[in-house]
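Enquirer: sequence and predicted model, in that order:
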Amino acid sequence: MRFLFKTDYEDDIRLFPHSGYVVSYGLLLAILLIAPYVLSSYLMSQLVFVCIYATVGVALLILTGFTGQASLGHAAFLAIGAYTAAYLQKYNVPFPVYFLAAGVLTGCIGALVGFPALRLQGIYLVIATISFAFIVEEILARWESVTNGNEGLRVKALSLLGVTVSRDSPTFYFLCLAVLVLTIVGTLNLLRSPTGRAFVAIRDSETAARSMGVNVALYKVKSFAISAAITGFAGVLFAHKLSFISPEMFTLQLSIEFIIVILIGGTFSLHGAVLGAIFIVMIDPFLTYLKDDMPGIIAGIAAALGAGTATAGNIQSKVAAFASLNGLKGAIYGVIIMLFVLFEPLGLYGRWLKIKLFFQLFPLYKRATFKRQKIYVKSERNR
Amino acid sequence: MLDFVQQLVSGVALGCVYGLIALGFVLVYKATEVVNFAQGDLMMLGGFFAFTFIGMMGLNYWIGFAGAVAAMALFGMLAERIVVRPILGYPQFSIIMATIGLGYFLRSVAGMIWGTDDFKIDTPFSQGVLRIGSLVLAYDKLSVIAATMILCALLWLFFNKTTLGTAMRASSENMLAAYYMGIPVKRVVSIVWAISAAVATCAGVLLAPITFIHSNVGLVLGLKAFPAAVLGGFGSIPGAVVGGVLIGVIESMAGFYLPEGWKDVAPYIVLLAVLLLKPEGLFGLHARKKV
């Protein structure tokens, strides 16, 4: 175990507390950089989605994890970013310009959403953001001159500095990765600045933050704007990756998925956004695998345990029938959410910290280190 | 004028459905300050239970209705025991997420068991209309309105006049203090879930003739009942019904008088406006934290 001896504030807020961080993150970056030349094209495509989801996850973490303002409307911000890109692209606006424009526009709209949010708390805020998302979805479906309504918009491959970058090329992956890394580094810097400290103060206690001189209203609006702007950037990449966007892609379901990303990853650290994104994006290929291969494997096990060929075949067809049931994905989603809330409230990153601490303190690890404190409900009405 | 009254009545009937679901939200919220995102799905499940009893097993309507309500009350307790009780006392957000997960699960499982078709339950009110002058009112809609009023009154009396109701309000105000005062908070929460599942079942059975039962009906209607509960102030029983009726009337008026597309968003626009002007809803309590 390494002990860090900190002598001043600069030591405390360092991005890389010691050389081990540089080595491990450098290694991770190197692996990510050679990934497109090793992995299959399907996995690469999934990896691009991981980058996009993780970017949105980081945005949501700024708002929900660090400022404590829940939002179930981030699909709408993503949609605004995506549609801005698609619309401006039609008029031959170059990529860097509409990329920035999408972020700025989404950020402004995020700030506008932030204003009503100043007076709202808890569940009221959740509902206000849901309402906002519904209204945006309906506008996208009805404002046909711009959005082409329910028929959707086609998005051309993006061209950067005169080179066309197709959505499956390694260059597009590097672009998404660069956006993700820049977002993470930017957010880390934000969180160690006075603004970030103010966010966390608001999350922990609004009353206390206010009495320490934090302008709560200003920082809440800022948090909304920053979170929305990052989601807008992700929206541009999302539009290019899908190459076709329509209003029914940006429903409440997607907003819930984003919340699940940070819930599963862990809401207290940026690692959570990335881990959660990996989990959410990889669940699809995993379910496909389950559907295709599991029946055979289970039948094989049954045969090995002494079941006859007929019984094994019977089991195989039954498992296959179960695996191809229509709603299985939704049920698995639901169970996963419930299991995480019940048994792993700190998310995947929390589990990683537990494992790490177990080996650091071996054999002195005790479970109570991570025990949640019961706070019991005191009426929100008096908060 | 006749059109207007006709729209008004159908809006009120639709609104009562929202109000019934919103009642479930409010019940759970009043007793535990938890928002149950699976409320609409409990309603859907209740409708399917009733369909199984009445439509598939051929029981009498009232017996099937009562059976479904009883079964769902038990199911509500079970869901509370498994999903909510272990995290009681932790931040609200985790409980909300758990109920979202429960909703996902119920929707898909119902889809697996009963399929994704629309189902219809034959009720004694299915046929027949009441004519007042040239105004035509269908019995099934009137039955929803009547049932909503009765349930609302009963629940209001229960919460404000009985000991158990008082205990529920106390445990919502401050759970730990309620424990210290000798209120069995766990049992109270479990009873609240049973009641709200039962109310949801009533909603599901009553609206079966109007909207049909399918596995996504809970999500669709639940999301409309949500603004209803907020409009009414999330924690006020008459407020839930009034909010529901308002949302229903706004929706049907917008569908009739405004261009296409407004019908679905009008309730949300009104909701945002109300939240801007009066963040605690129409019937909400206003309170400030004492430091």
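Expert: Structure received.

Enquirer: show me what counts as buried in the longest helix along chain A.
Expert: Assignment by DSSP state H gives helix A:270-304 as the longest helix of chain A. For helix A:270-304, the neighbour count (16 or more other C-beta atoms under 10 Å in any protein chain shown) marks A:270-281, A:283, A:287, A:290-291, A:294-295, A:298-299, A:302-303 as buried. The way it works is simple: take the backbone N, C-alpha and C, and place the C-beta from them, glycine included.

Enquirer: the stretch 101-250 of chain B against chain A: which residues are in contact?
Expert: B:101-109, B:111-112, B:116, B:172-176, B:215, B:223, B:226-227, B:230, B:234-235 (C-beta under 8 Å from any C-beta of the partner chain).

Enquirer: related to what we said a few turns ago, pLDDT of the longest helix of chain A, averaged?
Expert: Rounded to a whole number, the mean pLDDT of helix A:270-304 is 84.

Enquirer: show me what that helix is packed against.
Expert: For helix A:270-304, the elements it packs on are helix A:41-60, helix A:170-191, helix A:252-265, helix A:309-323, helix A:328-343, helix A:347-361, judged by 3 or more C-beta pairs under 8 Å, 6 or more residues apart in numbering or on different chains; DSSP states H and E.

Enquirer: export these to a markdown table and tack on mean neighbour count?
Expert: Below are the helices and strands packed on helix A:270-304 laid out as a markdown table (neighbours: other C-beta atoms under 10 Å in any protein chain shown):
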| stretch | mean neighbour count |
| --- | --- |
| helix A:41-60 | 22 |
| helix A:170-191 | 18 |
| helix A:252-265 | 23 |
| helix A:309-323 | 14 |
| helix A:328-343 | 19 |
| helix A:347-361 | 16 |
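
Enquirer: list the buried residues in stretch A:24-42.
Expert: For stretch A:24-42, by 16+ other C-beta under 10 Å, it's A:Leu32, A:Pro36.

Enquirer: how about the contacts made by A:Ser24?
Expert: Neighbour list for A:Ser24: empty [criterion: C-beta atoms under 8 Å, 6 or more residues apart in numbering or on different chains].

Enquirer: after the helix or strand that contains B:Ala146, next one along is what?
Expert: Per DSSP states H and E: B:Ala146 is located in helix B:139-161. Later in the chain than helix B:139-161, the nearest helix or strand by DSSP H and E is helix B:163-173.

Enquirer: and that following helix, which residues are buried?
Expert: In helix B:163-173, counting by 16+ other C-beta under 10 Å, buried: B:Gly165, B:Ala167, B:Met168, B:Arg169, B:Ala170, B:Ser171, B:Ser172, B:Glu173.

Enquirer: dump those residues into TSV; add pLDDT as well.
Expert: Below are those laid out as TSV (pLDDT from 0 to 100):
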residue	pLDDT
B:Gly165	89
B:Ala167	89
B:Met168	86
B:Arg169	84
B:Ala170	85
B:Ser171	83
B:Ser172	80
B:Glu173	79
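
Enquirer: for the residues you listed, which one is nearest chain A?
Expert: B:Glu173 (4.8 Å; C-beta to the nearest C-beta).

Enquirer: circling back: where among the helices and strands packed on helix A:270-304 is average confidence lowest?
Expert: helix A:309-323 (a mean of 77).

Enquirer: on that earlier part again, check which residues of the helix holding B:Ala146 are buried.
Expert: B:139-145, B:147-148, B:151-152, B:155-156, B:159.

Enquirer: between which two of those is the distance greatest?
Expert: Greatest spacing in these, by C-beta to C-beta: B:Tyr139 and B:Phe159 (30.0 Å).

Enquirer: around B:Phe283, how many other residues sit close by?
Expert: Neighbour count of B:Phe283, defined by other C-beta atoms under 10 Å in any protein chain shown: 18.

Enquirer: what helix or strand does it sit in?
Expert: B:Phe283 belongs to no helix or strand, assigned by DSSP H and E.

Enquirer: number of nearby residues for the residue lying closest to it once chain neighbours are set aside?
Expert: Closest residue in space to B:Phe283, ignoring its immediate chain neighbours: B:Gly239 at 3.4 Å, by C-beta to C-beta, 6 or more residues apart in numbering or on different chains. B:Gly239 has 24 neighbours, counted by other C-beta under 10 Å.

Enquirer: hang on, B:Gly239 packs against B:Gly233?
Expert: Yes: using C-beta atoms under 8 Å, B:Gly239 is in contact with B:Gly233, at 4.4 Å.

Enquirer: look up how far B:Glu251 lies from B:Val9.
Expert: 14 Å (C-beta to C-beta, to the nearest Å).

Enquirer: can you check A:Arg197 too?
Expert: 45 Å.

Enquirer: could you do A:Ser324 as well?
Expert: 38 Å.

Enquirer: more neighbours: which of those two?
Expert: B:Glu251 (23 against 11).

Enquirer: ok, the closest residue to A:Ala208 other than its chain neighbours - contacts?
Expert: Of all residues not flanking A:Ala208 in the chain, A:Ala201 sits nearest, at 6.9 Å (C-beta to C-beta, 6+ apart). A:Ala201 makes contacts with A:Ala208, A:Ala209, A:Met212, A:Val214, as judged by C-beta under 8 Å, 6+ apart.

Enquirer: how does it look with 10 Å?
Expert: A:Ala201 makes contacts with A:Thr67, A:Gly68, A:Ala208, A:Ala209, A:Arg210, A:Met212, A:Val214, A:Val216, A:Tyr219, as judged by C-beta atoms under 10 Å, 6 or more residues apart in numbering or on different chains.

Enquirer: swap in B:Val12?
Expert: B:Gly19, B:Lys141, B:Val144, B:Ile145, B:Thr148, B:Gly244, B:Val245, B:Leu246, B:Gly248, B:Val249, B:Ser252.

Enquirer: the fourth one and B:Gly15 touch, don't they?
Expert: I take that to be B:Ile145. Yes: if you go by C-beta atoms under 10 Å, B:Ile145 and B:Gly15 touch, sitting 9.0 Å apart.

Enquirer: what's the overlap in contacts for those two?
Expert: Common neighbours of B:Ile145 and B:Gly15 (C-beta under 10 Å, 6+ apart) are B:Val245.

Enquirer: quick one: distance of the longest helix anywhere in chain B to the chain centre.
Expert: Secondary structure assigned by DSSP H gives helix B:2-32 as the longest helix of chain B. With C-alpha atoms, centre = their mean, to the nearest Å as the basis, helix B:2-32 stands 8 Å off its chain's centre.

Enquirer: that one vs helix B:139-161, what angle?
Expert: Counting by axes from the mean of the first three to the mean of the last three C-alpha atoms, to 10 degrees, helix B:2-32 lies at 30 degrees to helix B:139-161.

Enquirer: rewinding a little: check the secondary structure at the residue nearest to A:Ala208 for me.
Expert: Three-state call for A:Ala201 (DSSP: H, G, I helix; E, B strand; the rest coil): helix.
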